[in-house]
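**Student:** Predicted model follows, preceded by the sequence.
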Amino acid sequence: MGHDHSHAHGHQHNHGADLSGRNLLISIGLNILITLAQAIGGIISGSLSLLSDAAHNLSDVLSLIVSYIARVLSKKEASLDKTFGYKRAEILAAFINAATLLVVALLLIKEAVVRYLNPEPIESSIVIWMAALGIVANGFSVLLIKKDSDSNMNMKSAYLHLLTDMMASVAVLVGGILMSVYKVYWIDPLLTFAISIYLIVMGYGLLKSSFKVLMLFSPDDIELSPFVNRVKQIKQVKNIHHMHIWQLNEKQTHLEAHIDLEADITMSEFDTILDQIEAYARECGINHVNIQPEFDKTDDKKLIVQH
C-alpha cells in the first residue's frame, strides 16, 4: 500500500551514463585491434601464452559488447508490458561475463597442460612486442572504465576482463623476456596456467554476486532481525510477516511485507506508521517500500512465507 523510492535526476546522471557508454565503445575498438595483432603474432611466433592472450582479448571484445548493449537497454523507459523496464540487463550481463571468464580460464588451463607436456621453441621477440601492445591498450581501457566499476556490477565485469587481460599481457611480457635470455620455454605454459587461476578467482566472486541478485536473495549488507525488531516497536504494530527484500539492480533495493495491526486504525494513522517504516528502511539502504496493512486477518504470520 505504501511505497518510497528515490531516483537519480539531472543532466549530470545522463552525461555520466553517456560517458560510460562512450568509454566502452573505445575499449571495444582497442580490444579488436589487440586481438587481431596478438593472434597474428601468436601464430607467427608459436607462443601459446600470446595466443591465449588473444583468445582472452576476443572474450573481452564479446563481454564489452554485452556490457554496452546491457548499458543501453538499462536506460530504456518502463512500459505497461515491462513495468521494471530493462533494469536487470546489466546484472544479467555481469553474470554472463563472469561465466565466460571461468570458461576461458578452464580452456587455457587445458592448453597450458598440453603445451607443458610438449614444449615448442618460441620467437620471443614477437611475444615481447605484442605483449607490450596489450599492456598499453588494455591499460588505457582499464583507466577509462575503472571509476564506473566501483558502483556498477556490469561495468565491474567488463573492468575485470580488461584488468585480467592487462595482467596476462604483463605475464606474457615477463615470460617473453625470460625465454629470450634463458631459452626456458616451459615458462610460457606455466604463466598461462597462473593467469587462468587468477581468472577463476576473480570470475567466481562476480558470478556469485550477480547470481544472488538474479535469484532475488536478500542483500548481504542488510540484516533482517534488527529491522523487524524496530518495526515491531512501533505503536499499533503487532506483527510483520510475508516479508521479502531483494535487489532489482545495484541501485534499487525493494522491501515488501504485511503488518498486522493492533486496532482498526484510520488511513492517516497508518500513514504515520508507514512514515516510520520507510525511515527505518532508508537507514538500511532500502529505497522502495511496499507495505500491506492488516487487522484481524487470518493468514500465515511467519516472517518468511514460501508461496
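**Tutor:** It's in.
**Student:** Please make it C-alpha for all contacts and neighbour counts, starting now.
**Tutor:** Fine.
**Student:** Any regions of the protein where pLDDT drops low?
**Tutor:** Filtered on pLDDT under 70, the chain yields the residue ranges 1-18, 47-50, 53, 119-124, 305-307.
**Student:** residue boundaries of the strands in it?
**Tutor:** With DSSP state E as the criterion, the chain has strands at 237-247, 253-261, 288-294.
**Student:** Strand 288-294 and the first one, what's the angle between them?
**Tutor:** Using axes from the mean of the first three to the mean of the last three C-alpha atoms, to 10 degrees, the interaxial angle of strand 237-247 with respect to strand 288-294 works out to 150 degrees.
**Student:** Dump strand 237-247 to CSV, keeping only the CA atoms.
**Tutor:** Provided in CSV are the C-alpha atoms of strand 237-247 (Å, rounded to 0.1, in the frame of the first residue of the first chain):
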residue,chain,number,x,y,z
VAL,A,237,2.1,-2.8,15.1
LYS,A,238,1.5,-6.3,16.3
ASN,A,239,3.5,-8.3,13.8
ILE,A,240,5.4,-8.1,10.5
HIS,A,241,5.2,-11.0,8.1
HIS,A,242,5.3,-12.1,4.5
MET,A,243,8.5,-10.2,4.2
HIS,A,244,10.7,-10.1,1.1
ILE,A,245,13.8,-8.0,0.5
TRP,A,246,15.6,-8.1,-2.9
GLN,A,247,17.7,-6.0,-5.3
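**Student:** now that strand, how far from the centre of its chain.
**Tutor:** Relative to its parent chain, strand 237-247 has a centroid offset of 28 Å by C-alpha atoms, centre = their mean, to the nearest Å.
**Student:** So which other helices or strands are in contact with it?
**Tutor:** Under the contact definition 3 or more C-alpha pairs under 8 Å, 6 or more residues apart in numbering; DSSP states H and E, strand 237-247 sits against helix 224-232, strand 253-261.
**Student:** if you compare those, which one is most tucked away?
**Tutor:** strand 253-261 (a mean of 20; mean count of other C-alpha atoms under 10 Å).
**Student:** partners of that one, with directions?
**Tutor:** Paired neighbours of strand 253-261 in the sheet (DSSP bridges): strand 237-247 (antiparallel), strand 288-294 (parallel).
**Student:** so which of the helices and strands packed on strand 237-247 gets nearest Asn97?
**Tutor:** Nearest to Asn97, of all the helices and strands packed on strand 237-247, is strand 253-261, at 22.9 Å by C-alpha to C-alpha.
**Student:** want to throw the strands paired with strand 253-261 into JSON lines with distance to Ile195 and mean neighbour count?
**Tutor:** Below are the strands paired with strand 253-261 laid out as JSON lines (distance: least, C-alpha to C-alpha, whole Å; neighbours: other C-alpha atoms under 10 Å):
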{"stretch": "strand 237-247", "distance to Ile195": "33", "mean neighbour count": "19"}
{"stretch": "strand 288-294", "distance to Ile195": "42", "mean neighbour count": "19"}
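**Student:** can you put those in JSON lines and add distance to Ile265?
**Tutor:** Listed next are these as JSON lines, based on distance: least, C-alpha to C-alpha, whole Å:
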{"stretch": "strand 237-247", "distance to Ile265": "11"}
{"stretch": "strand 288-294", "distance to Ile265": "10"}
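**Student:** longest single helix anywhere in the protein?
**Tutor:** helix 11-45 (DSSP state H).
**Student:** Now distance to Gln247 too, for the helices and strands packed on strand 237-247, in TSV please.
**Tutor:** As requested, the helices and strands packed on strand 237-247 are exported to TSV (distance: least, C-alpha to C-alpha, whole Å):
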stretch	distance to Gln247
helix 224-232	14
strand 253-261	4
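**Student:** wait, which of the ones you listed is closest to Asp81?
**Tutor:** strand 253-261 (20.0 Å).
**Student:** Show residues contacting that closest one.
**Tutor:** 236-248, 285-297 (C-alpha atoms under 8 Å, 6 or more residues apart in numbering).
**Student:** now it and helix 224-232, what's the angle there?
**Tutor:** For strand 253-261 against helix 224-232, the angle by the same axes, to 10 degrees is 40 degrees.
**Student:** Nearest residue to the middle of this structure?
**Tutor:** Most central in the chain under C-alpha atoms, centre = their mean is Met153, positioned 2.8 Å from the mean C-alpha point.
**Student:** Right, I'll leave it there.
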